[in-house]
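A.B. asks: Any chance you can model this:
(chains A, B, C and D)
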Number of protein chains: 4
Amino acid sequence: MIQSVAMPQSAAAESLRRCRVFRVPTRNPADIGGLLDLIDSGAVPAREIRAILGKTEGNGGVNDFTRAFALTAVQNALSERLGRVPAEVSAQVTIAMSGGTEGGLSPHLLVFAVGPAGPGRMVTGKSLALGTAVTRKFHPEELGRIAQIAATEAAVHEAMAQAGITSADDVHYVQVKCPLLTAEAVACAAARRQPLATDGTYKSMAYSRGASALGVALALGEVPADALDDDAVCRRLDLWSGRASASAGIELQHNEIIVLGNSESWASADVIAHRVMRDAIDLPAVQQVLADAGLASAGQLDDAARHRVIAVLAKAEASSTGRIRGARHIMLEDSDINATRHARALVGGVLAGLIGRTDLFVSGGAEHQGPDGGGIVAIIARRPRLQADA
Amino acid sequence: MIQSVAMPQSAAAESLRRCRVFRVPTRNPADIGGLLDLIDSGAVPAREIRAILGKTEGNGGVNDFTRAFALTAVQNALSERLGRVPAEVSAQVTIAMSGGTEGGLSPHLLVFAVGPAGPGRMVTGKSLALGTAVTRKFHPEELGRIAQIAATEAAVHEAMAQAGITSADDVHYVQVKCPLLTAEAVACAAARRQPLATDGTYKSMAYSRGASALGVALALGEVPADALDDDAVCRRLDLWSGRASASAGIELQHNEIIVLGNSESWASADVIAHRVMRDAIDLPAVQQVLADAGLASAGQLDDAARHRVIAVLAKAEASSTGRIRGARHIMLEDSDINATRHARALVGGVLAGLIGRTDLFVSGGAEHQGPDGGGIVAIIARRPRLQADA
Amino acid sequence: MIQSVAMPQSAAAESLRRCRVFRVPTRNPADIGGLLDLIDSGAVPAREIRAILGKTEGNGGVNDFTRAFALTAVQNALSERLGRVPAEVSAQVTIAMSGGTEGGLSPHLLVFAVGPAGPGRMVTGKSLALGTAVTRKFHPEELGRIAQIAATEAAVHEAMAQAGITSADDVHYVQVKCPLLTAEAVACAAARRQPLATDGTYKSMAYSRGASALGVALALGEVPADALDDDAVCRRLDLWSGRASASAGIELQHNEIIVLGNSESWASADVIAHRVMRDAIDLPAVQQVLADAGLASAGQLDDAARHRVIAVLAKAEASSTGRIRGARHIMLEDSDINATRHARALVGGVLAGLIGRTDLFVSGGAEHQGPDGGGIVAIIARRPRLQADA
Amino acid sequence: MIQSVAMPQSAAAESLRRCRVFRVPTRNPADIGGLLDLIDSGAVPAREIRAILGKTEGNGGVNDFTRAFALTAVQNALSERLGRVPAEVSAQVTIAMSGGTEGGLSPHLLVFAVGPAGPGRMVTGKSLALGTAVTRKFHPEELGRIAQIAATEAAVHEAMAQAGITSADDVHYVQVKCPLLTAEAVACAAARRQPLATDGTYKSMAYSRGASALGVALALGEVPADALDDDAVCRRLDLWSGRASASAGIELQHNEIIVLGNSESWASADVIAHRVMRDAIDLPAVQQVLADAGLASAGQLDDAARHRVIAVLAKAEASSTGRIRGARHIMLEDSDINATRHARALVGGVLAGLIGRTDLFVSGGAEHQGPDGGGIVAIIARRPRLQADA
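C.D. replies: Next up is the predicted model:
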């Protein structure tokens, strides 16, 4: 073919980056065996690791220390392999741990590595692209408010630029790791007579996630700027991002952003797609996103198709109406098990039935991250012709 | 009548029974509003009610009092409407409450009514049939052992005969409500120097369910009689029934049996089908049972098909291997949430994704009720041509 | 009789009432065996029963159905023994069930019977007096606000009058059973565009308890009327009653009040005393209230003294500071176990160590019911010289 | 020196060791701030630290990762300050983390430092002595059996010798950290056809603790050797040690022993005493042990006395009878909260009421560690005349 004679894409490919994604099971929150195997086997140079998303087996609530335990273990491992102090590791690798593997969900890490595409690689069309960014640190009184929204918006744009993504349509998943208000922060703000979005530590997680998601929505043109003010956060539930996934943690004061999308500037073996589940049992949305990624199926994926699913990322939430398609759920009234735990288990089951696998990154707490009771489902999948290339 | 000469099926139908199934949502464990509406609206004469299965919103464990609360409320309501004392109600209506609506499961009652098919009804082929039976009361030392197995086997045969089911192949679901060992029973047996299958109250629930399921398996020819002895219970996990669903409760000393199947002796609008899920995420088995019931679908049921699904009954269990298709689950290691709760949430999600509804009767604790980590899924569905007849 | 000439008190006693208190263990939430034994043995005529406080073994949260289960069982039992419909029973007997027997607390009922003191009884000084009252039904928008406070204040005065207590100093315990906002009530108020104190079902329990406690405080002169407005509820934590114990339930729309105190108009065998625990481990306050009741002790009560303790009623709460005497507690950060459950277990331990018994009525959720992290402890004790008279 | 001629005790003291104990609050499981402050302030040379007992805020069950998280953090901190690799730290410092701070218990570390007593210190009588020892690694089939009992007995003797304690009467507390059976270990033993004491991971914790406690009992002469065989473990509940406190963890394959007692070979400022609580509310036993340590009190300790209480160590357990002094407890029937959690909260409350403080080392799971439902309570207290010397 004429096209192949010229082969400009291939030439370009040599100077392109590629993003690789590895799904690593963990035997406990601090299990770094699989991560070290990746590095020590030569599969992934430590310096290429740019982001790690981890699903840990805690309760996903305020006292879920599995997140911090996993974070510490991963940071120490990378620090050792990179020969750099942990603080430098944080600057290079964005790490977000999400607690809660209820139902059948399986604890695992998703390791994102970015490196040169290398010679001889055919490139056609867009493929998986990754960019990261961080905001400045926030004052307690900025959390859950316009200041956090605006800073998140800017950071998403920065991460898109880093990822070489020019159109918001090519962004399919934005992970935000955001701060919460500690009791100390609340006391400190009180001493300075600065009113906060909320005085509650647990509630501040919702406000921080909500403002972060609205920042993503703003950056991606999902909501108009003039609809947003301080009062919109956690109240205007009709405003949401179909691509944001935010989780709050005690270990940072700024927002960290990971943008995943597709770009022609990359020569990755995978692509990413997403859809919005309108409620927790929206199986058609999951089938659609699989079809978007070239994996249409009339039921559970067969082995070949399942092998092409590199990662599944979804948000789960109990509908505030107390109902799913008219039938009452008990998630919000259960004083023994938090609603987020029920929701993860449920969405995990819906996804696992179709995918045929349980190592799925389902996280809870979906304020402004999809419609009430629903949320994003994103799939990172091997491109068909590149399948042998894994 | 002239009509009967010309239409022999119809004539037959007039002398046939029909079994009708009503799915009634509940707002709390003691909510009998929907049940009374059924009766008081004239839809179901109280005297026709033969069985009620209820999914209540407790923890499904030892201290789940929602089962007893619901049972009391339902018995009192029926007692009042039937003008009979509660003990007489028990003799007429077999009631089994199953605790636990984790994930998105929705609390509800399944009301089974048996009455004359009535004139003018066309009958072709087998349709939903119901039979009930009770065993004698068991001594504590009989629980979880051959005595309970044998008595259950006999009761299943008795219920089959009552249901007019002659072939075990036509049995698709057998609900067993069985006793457990109370602390008093354990102490009493100790005083009589009678060793028990187990001294543990909680563990006795498993033994009682296990022996009951093996009794069903024996009755249905699923396991050979010579494979069974006292030691097999809760140990020979390779021996199981694909149609049993057993739950243990503190309120009885005997086994109560409900057999559901298809029979030509009935003129019901519904049929029942079942399959065995080989693990908790065996979506293909669920699709197969839907297809068996004439509801084949390449994904979530559409509204018309969903409308034809009258009831879904399934068993959920954490695999003892700690794994689902090779991926670790945390159900058995979670000291905050019991494994049965995780398992119900998971299987509930798998089913809800496909059915598109959450009022599903998913119960936990599946000893000898399907393969390790799996269990039965049964569907009661409206027959296609009878759909307008609901 | 000659004796009566010389002892006018005795003559008076014949026309006086006496309040008797019975502590009845329960084997499960619906266990009415002990209650029926009281009645059927002739110890207590059913018509004398005026109030029942029950400690049930649920989680004490939104989905604690053990309270309603117990309430139903007790109402049905009284209805049957009194030959009156349950609605009439409610008018005669005030029943309040409190969920949660964490730690070593033991489920039980406290049955309060009021009858004539009878002839020949020596009376000296004040003794246990009981009065009950109910408010009107509240609109949803009145809950947690001045309207509920004012109505509660009036009802406390009414109950005091009924009890023959003229001085607030003689009131030692005021149990308030108050409503909560259901999802239906919230929706209904929204339709009428009536803003509520809170839209949260769970949170409304706190507001309702808080306003009820402030109503008690107002009635007893513990807080000045001009300090109270809508905004004070659940915010001005410095305003509290040292004698209120409020619990919210889904089964009523009005407040029900039980006032317990000492009065010369009664000839009871018992007296009541109370103190305020300044924090959850304020053992000296418990020793003081025992001393107030004539049971001073340098450690755990001996058998004779313990036998004189008829009932112990206390409130437990996690301090909002997250600390007890400077040491961090984890009650408010635990996403597995609610803070109220931790608090009941803790206070139950403190009390049980001193009293030497675990059937103590410790309830949680102490908004405006004592200082932050503390709460009332009241003791009903047999008067020394009347001990043989039980 | 002349002085030494006149004051032989002092001369002796200079060559004696002293054991110092520091109670360090933690803000989260990985908080090593207080530990580093101890070291960096010069209060405790890192090389003197011999043992650390930590109370962490997890659930104390199988998936309580707060223990491992705390252990890792402490080991890394010591490794850094000692300039030695973590494995060497383990050889020098015995660290045992116990999960569960239910009720009002406060997370903290107890740091035991051993160093020279130094010149000029007056020594009179016995004072706090510490010895540590480890057993060999156990095969899975040895856990919960005579092999573990015997090895523990030997290690206790070794630790006593190290501590300079010659009489078992002078031993007041023996902490044992022991292994559990992982799923891998169970599978491995099955492959080798080695039957185990139990196949259950959770249950193996009880067997390991039980055998360890019996080993201590044997070493201290609390049970006769001929009463012990494999079958005694977790069955002969009448055999127990009044001084053992065992906790099982996933991170080791051998037993680690810390013996605490009093010895004339030491010149410590503190002494240790212990008593056995006969049930969970045995306040008199707590008062007795305080009196043993010179802290007799008719109620909660005053500030001066409380200041002298350096550490409180106790075991908590739900009585297997389901009763405390005849009153039913619900700990064993609660499917939401494990019995060990209830028990710690309860005993924590009993102790906190008397001591007036909540940073108490109460651990659960007391197989063969005291009578059924009871357990040891030990107090490390400042000696009166040495109080200014802290």
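
A.B. asks: CA only for contacts and neighbour counts going forward, please
C.D. replies: Will do.

A.B. asks: A:I149 is in contact with A:S208, isn't it?
C.D. replies: No - in this structure, A:I149 is not within contact of A:S208 by Cα atoms under 8 Å, at 9.2 Å.

A.B. asks: Tell me where chain A has strands.
C.D. replies: Secondary structure of chain A (DSSP state E): strands at A:17-25, A:49-56, A:94-99, A:108-116, A:127-137, A:171-178, A:244-248, A:254-263, A:270-277, A:309-316, A:323-324, A:327-328, A:361-364, A:375-382.

A.B. asks: Next, the angle from the first one to strand A:108-116.
C.D. replies: Put plainly, it is strand A:17-25. Strand A:17-25 and strand A:108-116 are oriented at 160 degrees to each other (axes from the mean of the first three to the mean of the last three Cα atoms, to 10 degrees).

A.B. asks: elements contacting strand A:17-25?
C.D. replies: helix A:33-40, strand A:108-116, strand A:127-137, strand A:309-316 (3 or more Cα pairs under 8 Å, 6 or more residues apart in numbering or on different chains; DSSP states H and E).

A.B. asks: Check the last one too.
C.D. replies: Secondary structure elements in contact with strand A:375-382, counted by 3+ Cα pairs under 8 Å, 6+ apart, are strand A:270-277, helix A:283-292, strand A:309-316.

A.B. asks: Figure out which of those is closest to chain D.
C.D. replies: strand A:309-316 (23.2 Å; Cα to the nearest Cα).

A.B. asks: in its sheet, what does that closest one sit against?
C.D. replies: Neighbouring strands of strand A:309-316 in its sheet, by DSSP bridges, are strand A:361-364 (parallel), strand A:375-382 (antiparallel).

A.B. asks: between the longest one and helix A:283-292, how big is the angle?
C.D. replies: Yep, that's strand A:375-382 we're talking about. Strand A:375-382 and helix A:283-292 meet at an angle of 30 degrees, taking the same axes, to 10 degrees as the criterion.

A.B. asks: Contacts for strand A:375-382, please.
C.D. replies: The contact list for strand A:375-382 (Cα atoms under 8 Å, 6 or more residues apart in numbering or on different chains) reads A:172-173, A:242-245, A:269-280, A:285-286, A:289-290, A:293, A:308-317, A:366, A:369-370, A:390.

A.B. asks: Now for whichever residue of the stretch 101-250 of chain A sits closest to chain C, how many residues are close by?
C.D. replies: Nearest to chain C in the stretch 101-250 of chain A, going by Cα to the nearest Cα, is A:Y202, at a distance of 8.1 Å. Residues lying near A:Y202 (other Cα atoms under 10 Å in any protein chain shown) number 18.

A.B. asks: gap between it and B:G221?
C.D. replies: 55 Å (Cα to Cα, to the nearest Å).

A.B. asks: residues in contact with the residue nearest the centre of chain A?
C.D. replies: Centroid check for chain A by Cα atoms, centre = their mean gives A:Q175 as the closest residue, at 3.6 Å. A:Q175 is in contact with A:A244, A:S245, A:A246, A:S247, A:I257, A:I258, A:V259, counting by Cα under 8 Å, 6+ apart.

A.B. asks: just those residues now: which is nearest chain D?
C.D. replies: If you rank these by distance to chain D using Cα to the nearest Cα, A:S247 comes first, at 19.8 Å.

A.B. asks: Hmm, the closest one is touching A:G210, no?
C.D. replies: No - using Cα under 8 Å, A:S247 is not in contact with A:G210, being 9.6 Å away.

A.B. asks: neighbour count winner among these two?
C.D. replies: More neighbours surround A:G210 than the other of A:S247 and A:G210, with 35 against 28 (other Cα under 10 Å).

A.B. asks: what sits against that one?
C.D. replies: A:G144, A:V233, A:C234, A:A246, A:A366, A:E367, A:H368, A:Q369.

A.B. asks: give me phi/psi at A:T182?
C.D. replies: Note on A:T182: its backbone torsions stand at phi -80, psi 170 [degrees, to the nearest 10].

A.B. asks: show me what contacts it?
C.D. replies: A:T201, A:I250.

A.B. asks: Apply 6 Å and report the result again.
C.D. replies: Listed by Cα atoms under 6 Å, 6 or more residues apart in numbering or on different chains, the contact partners of A:T182 are A:T201.

A.B. asks: State the distance from it to chain D.
C.D. replies: For A:T182, the distance to chain D equals 12 Å [Cα to the nearest Cα, to the nearest Å].

A.B. asks: sorry, back to before: so which of the strands of chain A is nearest B:G54?
C.D. replies: strand A:327-328 (14.6 Å; Cα to Cα).

A.B. asks: okay, now the residue of the stretch 101-250 of chain A found nearest chain B: neighbour count?
C.D. replies: Using Cα to the nearest Cα, the closest approach of the stretch 101-250 of chain A to chain B is made by A:G103 at 4.2 Å. Neighbours of A:G103 under the rule other Cα under 10 Å: 34.

A.B. asks: isn't it right up against A:V347?
C.D. replies: No - assessed by Cα atoms under 6 Å, A:G103 is found out of contact with A:V347, at 9.3 Å.

A.B. asks: rewinding a little: so what's the residue nearest to the centre of chain A scoring on pLDDT?
C.D. replies: Reported pLDDT at A:Q175 in the predicted model: 98.

A.B. asks: Distance of the residue of chain A found nearest chain D relative to B:A151?
C.D. replies: For chain A, the residue closest to chain D is A:F69, as judged by Cα to the nearest Cα, at 5.8 Å. To B:A151, A:F69 is 53 Å away according to Cα to Cα.

A.B. asks: Name the residue in the two with the higher neighbour count.
C.D. replies: Shown here are A:F69 and B:A151; by other Cα under 10 Å, A:F69 has more neighbours (26 against 21).

A.B. asks: okay, the more buried one: pLDDT?
C.D. replies: 97.
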